[in-house]
Each structure stands twice: as C-alpha cells, then as structure tokens.
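# here is a sequence with its predicted model. Questions after.
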Amino acid sequence: MGLVEKMIKIDSRWLWLVLLLAFVIPVLNPIGLPIRISNETHVLYDHIRALPEGSVVAFDVTYPYAYLTEMEPAVTAVTAHLFTLPVKVVFWSLTVEGPLVTMVTLEKVKAEIEKYGKKYGEDYVVLGYVPGEETAMAALMTDTQHVVSSDYFGNSIDTLPLMTKVRNSRDMRFLICVSVLQADEKVRQYFLKGGLTWAAIVTTGWIPGYRPFVEAKQILTALGGLRGGAEYETLTGRIARGAAYMDVMSSTHLTTVAAAIVANILFLYQRGRSKR
Amino acid sequence: MNEKRLALLAAQVFLIGVIVLDFFAKQETINYVASNIRMWAVVIAAFTLTLGAASLGSFHVGHIRRRTRGEWPFSLWTLLCIVMTFFFGMTASAIPQSDAAYKYLTNTVLNLISTATFGITGFYMFSLAYRSFVGRSIDVALFLLSGIFVILMNAPSGEVIWSGFPIVATWILDVPSMAGTRGFVMGVGLGTLATVLRALLGKEKGGVGGGFGG
C-alpha cells in the first residue's frame, strides 16, 4: 500500500490524536490573538447599557449541561454586565437542567453581586424550572406571578419584592433567551405574544436559523456561543473563559480545515492516478 | 366515532380555539379562560415529569426482578443514582450536607459527564471532515468552500490569515444561507397553520385516539 492509500485509510485514532494536540498545545501555550467584535455583540452590549434604571430584564436560561463550555462564557459575561447596572433580573428556565446552569453562572458573578450590592429577591430572582416549553413561555408572558408559586430556593413568590412588580411581560423591559434550539416558538411567544424586545444567545450552529428573524427585527440580535461570549468579554473588559478558549477554537478550526484540504489533495491525486 | 372520543375531540377543538382567539383578541373573558388553560398545561407538563420518573422506575425494577442478563446491574445503578439525586435534591435546603452532595453530583459528575460526552462528537466530526469533506461534485465543493469560510470566520486565526474571511462568510450567511432558512421557516409556518386549521375543524384526531391525521 502506497503512502497516499495509507493516508486515505488512516486509522481514526491518529486523526483524534492530531485534534487532541490541537486542543492541548494552545492551552499550554496561549497566543492571545485579537478578537474582532461583531455587530451583533455591539448591538446587545449597547442595548443593555442603555436600559433605564429599574428596568426588569427577563433571562431565560434554557440549555443543558452538555453545552456548558460553549454557552456559559456568553451567559456569564452578559449576566455580569447586567449586575453592574441598576436593573433587575428575573431568571427562569424551560429545561430541568436550566436552574443548575443558572447557578453555575451566579457563582461566577459573585464578585459583581457583592461589589454592586445586588440583593436576592429585590434585584434578582431565580424562578427555576417552568415545565411546558412553549406553553410555559406563553404563561410567563401573561401571568408571570401565577406560573410559579415559589422560586428555585423554595421561597414563596409573594415574599420576593421584585416579583410583586412583575405581573406579566408589560412589566419587563427586555428579555434574553439562551437556547440550543430553533427560534420559532420564542418569536411567537416572547415577541408576538409578549411584545418584548429580546435577544438570543445560541450555539454557533443555530446562528443561520436565527438570522432571518434578526433581519425581520423580530429578534434584536443573536450572539453565537463561545465566540459571542469572547466578544462580549472583550467589550466589557471582564476577560474570562470565553476569550481564553479562542486560541483553542483557532487551532482546532484550523486543524479541521487543514484536514479537509489534505483529504481533497489526496482525493485529487488518487483520481488523477486512476485516470492515467 | 364513539361518544367518548367525540367529547374529547370537542374539548380539543374548544381548547385550541380559545388559545388561537386569545392570540388575536383583547377580550377579558377569552384572555382569562386562555390564561387558565395555559396554567393547566404547565401543571400537566409538571405531572408528566412524575409520570416519566415512575415509568422509568417501573422499567428498571422489572429488569432487576427478572434478573435480565446484561441489564439488571445497570438498572440497579440507574435506580440508585435516581434515588440518590432525588434524596439530596429534596433535602438540600434543609440539610447542608445534602446541599453539598447535590452540588457535587450536579457540578462535578453531571456537568463533566455531559460535557465530555458532547465533546466526544468533536472528534467524530473531525474524522468526518477528513473522510467525507471531499469535493467529489460541484455541490460538495460548494458546501466544502462555504464550510471553510464560515469555520474560519468564527476562529480569530481566520482573520489573521486573510481579513476577507469574515466578509465572505457574512455574505454566505446573509444571502444563500438566509434564503434557504427563510424557505424552511415559511414551510414550517405553513405546516403549523395547516395543522391548527385541521385541529380547529375537528379533522386532527390523533390526540383523541383516532390515529395520526384522523
């Protein structure tokens, strides 16, 4: 078997080793390439910064643990930014794991909570898991106070001063939805039913699915996963995991492209030889 | 169709009708009824979780009772994990040790297992890129090229190599990709509309045991 055939039929484990090295090397030797801030991230940052004092921001954190590495940097960067401003935040989740990943984020923004004196119940609330998916979204838009009788920690909703002011979507100024699924039902409920201006934080793969809605002005903007998180961190100056992972993203993406190019060269060479 | 199914079908038409009307009408009674229907739906959805847990439990208890070969030890482990997580979760607010154990289970075990399992797909995608991302035809070549541009748009290194990568990739996302997605979204929208119309006219009998599409 010639070298070309050997390379074409290479054992997958060698390929995995190459990718593993592409992961490990930038972690050990970070390069810190500059990150260009996209227009989408600028739009979200500017909108949040311009929120009037006392505005209620709803934060739908609906993603499972499996996506933590990709989604958490953006969610944390945006949450940290919100906590530096005089706004109130109401978190809810439409998946069972949602409250758990919300708690991961809240642990990471402890410094902002302490520095800006944010009080639980007055400045932010975690409603926890609301079952029912699209029905739950609709119910949260029309009867926020009645959908859940207690928050994630078991406190009665009536005992939380912030929740006495949030009856429905009319009492909310802005909504941020973290999702790993399509936009349709969120547009139907948050934009059409709730009449809210809202932004999405989604996996990079879902960005093409959200863009038509952004273009139609039914979504303010859509931030794409880890890259979006890195951009938001750069904008706020709170550099954390998102920006740190950009080197890993660069090396793994470049390795994937290189693998595709090598595969194509081998394919063309083999086709040319078989024609001869 | 028997009377029981007819009553269920009538209830289904009524419920869907109220929810659809509520979307367009600002009428107090309709809005109130629709709001209550949504509350029931949320409660029923919460109940289905309990039902799911019970069903999962009975499935695994069955395996343990029958000592199904190659299954029952895993069933026992699954049940143990469910009971343990349930116990720590329920007592977390009352017992500090339970809270610590629950946090350990979620943040250390569940988090790492989920992330690692999901991360493994990256390795398969990489070998897939090597084996299948080959321009055997014009279609595949176009797919390959757009893939490369979009991949390099996301990575900061792409822009360092050539500043045109983000420009071309943004065009790909804004023009051909958006055109395709719009068509898909409109297709889904029309399909949903047709299903709602069928349900409102009582032709959608799948939900009342009439078989798919009635």
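That came through, no problem.
# buried ones in the longest helix anywhere in chain B, by neighbour count?
Longest helix of chain B, by residue count under DSSP state H: helix B:28-66. Neighbour-count burial for helix B:28-66 flags B:30, B:33-35, B:37-39, B:41-42, B:45, B:60, B:63-64 (criterion: 16 or more other C-beta atoms under 10 Å in any protein chain shown). Using the backbone N, CA and C atoms, a C-beta is placed for each residue, glycine as well.
# try stretch A:248-262
Here stretch A:248-262 shows A:248-257, A:259-260 as buried, counting by 16+ other C-beta under 10 Å.
# ok, it near chain B or not?
Yes. Using C-beta under 8 Å from any C-beta of the partner chain, stretch A:248-262 reaches chain B at A:249-257, A:259-260, A:262.
# mind checking how far stretch B:37-55 is from the chain centre?
16 Å (C-alpha atoms, centre = their mean, to the nearest Å).
# could you check whether that stretch is close to chain A?
Yes. Looking at stretch B:37-55 against chain A by C-beta under 8 Å from any C-beta, the contacts come from B:38-39, B:41-42, B:44-46, B:48-49.
# identify, from the buried residues of helix B:28-66, the entry nearest to A:H47.
Set against A:H47, the nearest of the buried residues of helix B:28-66 by C-beta to C-beta is B:R38 (28.7 Å).
# surely the closest one is in contact with A:A138?
Yes. Using C-beta atoms under 8 Å, B:R38 makes contact with A:A138 at a distance of 5.4 Å.
# residues shared between the contacts of the two?
Counting by C-beta atoms under 8 Å, 6 or more residues apart in numbering or on different chains, B:R38 and A:A138 have no shared contacts at all.
# where does the prediction get shaky in the chain?
Chain wasn't specified; assuming chain A. A:1 (pLDDT under 70).
# switch to chain B, please.
Applying pLDDT under 70 to chain B flags the ranges B:1, B:210-214.
# mind listing the helices for it?
B:3-24, B:28-66, B:72-91, B:96-103, B:111-132, B:138-154, B:156-161, B:164-172, B:178-200.
# please apply the same query to the stretch 51-200 of chain A.
For the stretch 51-200 of chain A, helices defined by DSSP state H, counting those that start in this stretch occupy the ranges A:68-83, A:98-108, A:110-115, A:134-142, A:144-147, A:161-165, A:184-186.
# to chain B, which of those lies closest?
helix A:134-142 (4.1 Å; C-beta to the nearest C-beta).
# which helices and strands does the closest one pack with?
When contacts are defined as 3 or more C-beta pairs under 8 Å, 6 or more residues apart in numbering or on different chains; DSSP states H and E, helix A:134-142 packs onto helix A:144-147, helix A:184-186, helix B:28-66.
# according to the record, where do the domains of the chain fall?
I went with chain A, as the question did not name one. A:3-30+A:254-275, A:39-244 (automatic domain parsing).
# that was the other one, I meant chain B.
Split by automatic domain parsing, chain B gives B:1-91, B:133-214.
# nearest to A:V202, out of those domains?
Here domain B:133-214 is closest among those (C-beta to C-beta), at 13.2 Å.
# roughly how far is that closest one from the heart of the chain?
With C-alpha atoms, centre = their mean, you get 17 Å for domain B:133-214.
# that domain close to chain A?
Yes. Shown here: domain B:133-214 in contact with chain A (C-beta under 8 Å from any C-beta) through B:133-136, B:144, B:147-148, B:151-152, B:154-160, B:166, B:173-174, B:177-178, B:181-182, B:185, B:188-189.
# same question for stretch B:80-93.
Yes. Using C-beta under 8 Å from any C-beta, stretch B:80-93 comes into contact with chain A via B:S93.
# buried residues, that stretch. List them.
Applying 16+ other C-beta under 10 Å to stretch B:80-93 flags B:85, B:88, B:92 as buried.
# closest to chain A out of those residues?
B:A92 (9.3 Å).
# who are the contact partners of that closest one?
B:98-99, B:102.
# what's the answer for A:D123, then?
With C-beta under 8 Å, 6+ apart, A:D123 has these contacts: A:88-89, A:162.
# filter the residues you listed down to the buried ones, ChimeraX style.
In ChimeraX, this line selects whichever of the contacts of A:D123 come out buried by 16+ other C-beta under 10 Å:
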select /A:88,89,162
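# make a markdown table from the contacts of A:D123 and add distance to A:E133 to it.
Formatted as a markdown table, the contacts of A:D123 follow (distance: C-beta to C-beta, whole Å):
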| residue | distance to A:E133 |
| --- | --- |
| A:K88 | 25 |
| A:V89 | 22 |
| A:L162 | 25 |
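# distance check, the residue lying closest to B:G209 once chain neighbours are set aside against A:T142.
Closest residue to B:G209 apart from its sequence neighbours, by C-beta to C-beta, 6 or more residues apart in numbering or on different chains: B:R5 at 6.2 Å. Distance from B:R5 to A:T142, counting by C-beta to C-beta, to the nearest Å: 31 Å.
# the more surrounded of these two?
A:T142 (22 against 13; other C-beta atoms under 10 Å in any protein chain shown).
# just give me the neighbour total for B:K26.
7.
# and the closest residue to A:T144 other than its chain neighbours, how far is that from A:H81?
In space, and not counting its chain neighbours, A:T144 is closest to A:V166: 5.2 Å by C-beta to C-beta, 6+ apart. According to C-beta to C-beta, A:V166 and A:H81 sit 21 Å apart.
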